[in-house]
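*Asks:* Pasting a predicted model and its sequence here:
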Amino acid sequence: MKSANDKYTGNEELMEMLEKLRARAMLAEDEMAKAHQEGLTMCDPKLCDMGTEYENLCLDIDKLEALMKKYSE
């Protein structure tokens, strides 16, 4: 039986892709926080677009994790 730590074993490329997506999501989150500190509100188109990109990255991450979990069982 596989432990929680090796549920993605054997998927090196997918793990790399997942880590890149997570890094991009963290950067997007930081950029949104910085833009908010600079006075932008969620009504601002720039910040709204940044939020949409962040949400799309999070959805991609969730989808990839679900697929990896499904096929590692």
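*Replies:* It's in. All values derive from a computational prediction rather than experimental measurement.

*Asks:* tell me which strands and helices the lengthiest helix in the chain is in contact with?
*Replies:* Determined from DSSP state H, the single longest helix within the chain is helix 45-72. When contacts are defined as 3 or more C-beta pairs under 8 Å, 6 or more residues apart in numbering; DSSP states H and E, helix 45-72 packs onto helix 12-37. C-betas here are computed from N, CA, C, even on glycine.

*Asks:* model confidence over the helix it packs on, on average?
*Replies:* Averaging pLDDT along helix 12-37 yields 92.

*Asks:* could you say what helices and strands it packs with?
*Replies:* Contact here means 3+ C-beta pairs under 8 Å, 6+ apart; on that basis helix 12-37 packs against helix 45-72.

*Asks:* C43: helix or strand, and which one exactly?
*Replies:* Element membership for C43, per DSSP states H and E: none, as it lies in no helix or strand.

*Asks:* any idea how far it is from E65?
*Replies:* Applying C-beta to C-beta, to the nearest Å, the value for C43 to E65 is 32 Å.

*Asks:* who's more crowded, these two?
*Replies:* E65 (16 against 7; other C-beta atoms under 10 Å).
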